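>>> Pasted the sequence and its predicted model underneath.
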Amino acid sequence: MKQKLKMGMVGGGQGAFIGAVHRMAAALDGEIELVCGAFSSSPEKARASGRDLGIDCSRNYESYQTMFRAEAELPENERMDFVAIVTPNHMHFPVASAALLAGFHVISDKPATLNLYEAKQLRELVKETGLLFGLTHTYTGYPMVKEARQLISEGKLGPLRKVIVEYTQGWLSEPAGSDNKQAAWRTNPAMSGASGCMGDIGSHAANLAEYICGSHIHSVCAELTTFVPDRLLDDDGMVLMKMGEGIKGILHASQVAAGEENNLTVRVYGEKGGLEWQQQEPNTLVLKPQVGPMQVYRTGGAHSAMAAANTRTPMGHPEGYLEAFANIYRNFSAAVRAHAIDGCNEPAAFDYPGIEDGVRGMALIESLVASNASDQKWFEIQE
């Protein structure tokens, strides 16, 4: 039986949402064990959170700086193998850079950093250290998303013409109270970055469109809106996109679509037909040929090797968000094991989002903000 990889965590303490999701996803396949953490910027809360999680008191740290120093001094077979960063956005870069310089691989919640300048610095640091950096763009982990990517790469739709991706939520439709921790930092430019809705969920939609189509967004024309009075960042946006190979796209993201839960939908059209996938019904992919009957692909069916490799249960046993999230962790952990053997650090070889996705994401966000502020119709994305 192979030894579990040892994970540390920064952030994700008491009252946090995404930290618990990361921990469940990392644990799902039994390959990763949480062994240490600095779970809050408050030393008292960090300690209390670690105790709640059953972390040994000697590895329940009050700060990430202390954790990296202490873990680096442990014997190689005892120290953590990588760190998961689940803090608000403004702390992603300082924690990730400190971890890499201390010799640890990193997997981070998205976006990679607070801004494009930091993302470029982080990319250079990843190259210099030769270590791994993973980014949890969760929705690329779904089996039917991977099936869609495979069908397109095989030419089932012919040359692509158009992609329409929509991500709508309603949870910020009204002003959030001061006790809503998630809303507080996501609508604060100092902690979230230059964009609210687009930085939070629009970046997921864009990443999904690029992953499925196998093509990058290179130009945007954006209108971002703040509907809720006194909110400092956008809570809604509409974007026209130009992608490689002449693909045209539309991206709509909103966190003020009252009544919506977490409605992420992507449709892609080519010369020979189209396909559609919805995150709220993730086990179904619909292929719509121009000639012939509509085809329904289901998770667990006899489909592509890529979809099968990211499916855990037989057909008819639904897999959802946590399983997709766990696929990112499982693929990243495979890369960590391979890196220990031969130093391989190419994310594409293991099918998880990496630093290049992070840089493109930040470049996209900054281009959307610049496009919205200008009368110029199209903005080229500068990475």
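Looks like it arrived, so ask away.
>>> Can you list the residue ranges for strands in the stretch 201-350 of the chain?
Assigned by DSSP state E, counting those that start in this stretch, the strands in the stretch 201-350 of the chain fall at 217-225, 236-243, 248-254, 263-270, 273-278, 284-289, 295-298.
>>> Could you dump the ones you listed into a markdown table with mean neighbour count, distance to residue 367 and mean pLDDT added?
Every residue, glycine included, has its C-beta placed from N, CA and C. A markdown table is the format used below for the strands of the stretch 201-350 of the chain (neighbours: other C-beta atoms under 10 Å; distance: least, C-beta to C-beta, whole Å; pLDDT from 0 to 100):
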| stretch | mean neighbour count | distance to residue 367 | mean pLDDT |
| --- | --- | --- | --- |
| strand 217-225 | 19 | 5 | 97 |
| strand 236-243 | 21 | 10 | 98 |
| strand 248-254 | 22 | 12 | 98 |
| strand 263-270 | 20 | 20 | 98 |
| strand 273-278 | 20 | 26 | 98 |
| strand 284-289 | 18 | 30 | 98 |
| strand 295-298 | 15 | 34 | 96 |
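>>> Send over the strand or helix carrying residue 191 as CSV, restricted to the C-alpha atoms.
Element membership for residue 191, per DSSP states H and E: helix 189-192. Taking C-alpha atoms only, helix 189-192 is exported to CSV below (Å, rounded to 0.1, in the frame of the first residue of the first chain):
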residue,chain,number,x,y,z
PRO,A,189,-11.3,45.3,-3.5
ALA,A,190,-8.4,45.1,-1.1
MET,A,191,-9.1,41.4,-0.5
SER,A,192,-10.8,40.2,-3.7
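>>> Please name the residues that touch residue 271.
The contact partners of residue 271, taken as C-beta atoms under 8 Å, 6 or more residues apart in numbering, are 157-159, 161, 290.
>>> Now with 7 Å, please.
By C-beta atoms under 7 Å, 6 or more residues apart in numbering, residue 271 lies in contact with 158-159, 161.
>>> what secondary structure does residue 185 sit in?
helix (DSSP: H, G, I helix; E, B strand; the rest coil).
>>> I'd like to know the average pLDDT value across the longest helix seen in the chain.
The longest helix of the chain (DSSP state H) is helix 321-342. Helix 321-342 shows an average pLDDT of 96 in the prediction.
>>> buried stuff in the next helix or strand after it?
Note on helix 321-342: by DSSP H and E, the next helix or strand toward the C-terminus is helix 355-373. Applying a neighbour-count criterion of 16 or more other C-beta atoms under 10 Å, one finds 355-372 buried in helix 355-373.
>>> Please apply the same query to stretch 196-211.
196-211.
>>> Could you list the residues in contact with stretch 63-79?
8, 10, 36, 38, 61, 80, 95, 98-99, 102-104.
>>> Going by neighbour count, which of the residues you listed comes out on top?
residue 10 (31 neighbours; other C-beta atoms under 10 Å).
>>> Could I get the phi/psi values of it?
phi -120, psi 120 (degrees, to the nearest 10).
>>> so who does it touch?
Contacts of residue 10 by C-beta under 7 Å, 6+ apart are 37-38, 64, 83, 85, 87, 95.
>>> Cross the residues you listed against strands and list the overlap.
Among those, the subset assigned to strands under DSSP state E consists of 37-38, 83, 85.
>>> List buried residues within these.
37-38, 83, 85.
>>> Export those to TSV and append columns for distance to residue 145 and pLDDT.
Shown next, in TSV, are those (distance: C-beta to C-beta, whole Å; pLDDT from 0 to 100):
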residue	distance to residue 145	pLDDT
37	30	98
38	33	98
83	27	98
85	24	98
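>>> Nearest to residue 170 among those residues?
residue 85 (28.1 Å; C-beta to C-beta).
>>> quick one on the thing from earlier: which of the contacts of residue 271 fall within strands?
Using DSSP E, the contacts of residue 271 in strands are residue 161.
>>> Could you turn the buried ones of the contacts of residue 271 into a PyMOL selection?
To isolate the buried subset of those in PyMOL, counting by 16+ other C-beta under 10 Å, use the following:
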select buried, resi 161
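>>> on that earlier part again, show me the contacts of stretch 63-79 that map onto helices.
Counting by DSSP H, the contacts of stretch 63-79 contribute 95, 98-99 to helices.
>>> out of the residues you listed, who's nearest residue 118?
residue 95 (11.5 Å).
>>> Now the closest residue to residue 306 other than its chain neighbours. Its backbone dihedrals?
Once flanking residues are discounted, residue 306 sits nearest to residue 146: 4.5 Å by C-beta to C-beta, 6 or more residues apart in numbering. Here is the backbone geometry of residue 146 (degrees, to the nearest 10): phi -70, psi -30.
>>> Number of residues surrounding residue 146?
26.
>>> Could you check how far it is from residue 180?
34 Å (C-beta to C-beta, to the nearest Å).
>>> likewise residue 127?
Counting by C-beta to C-beta - residue 127 and residue 180 are separated by 39 Å.
>>> picking up where we left off before, can you dump the C-alpha coordinates of the longest helix of the chain into CSV?
In CSV, the C-alpha atoms belonging to helix 321-342 read as follows (Å, rounded to 0.1, in the frame of the first residue of the first chain):
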residue,chain,number,x,y,z
TYR,A,321,-19.2,18.9,-7.0
LEU,A,322,-17.1,17.2,-4.4
GLU,A,323,-16.1,14.4,-6.7
ALA,A,324,-15.1,16.9,-9.4
PHE,A,325,-13.1,18.9,-6.8
ALA,A,326,-11.5,15.6,-5.7
ASN,A,327,-10.4,14.9,-9.3
ILE,A,328,-8.3,18.0,-9.2
TYR,A,329,-6.7,16.8,-6.0
ARG,A,330,-6.2,13.3,-7.3
ASN,A,331,-4.6,14.4,-10.5
PHE,A,332,-2.4,16.9,-8.6
SER,A,333,-1.3,14.2,-6.1
ALA,A,334,-0.3,12.0,-9.1
ALA,A,335,1.9,14.8,-10.3
VAL,A,336,3.5,15.2,-6.8
ARG,A,337,4.3,11.5,-6.8
ALA,A,338,5.8,11.6,-10.3
HIS,A,339,7.8,14.8,-9.4
ALA,A,340,9.5,12.9,-6.6
ILE,A,341,10.6,10.3,-9.1
ASP,A,342,11.6,12.2,-12.2
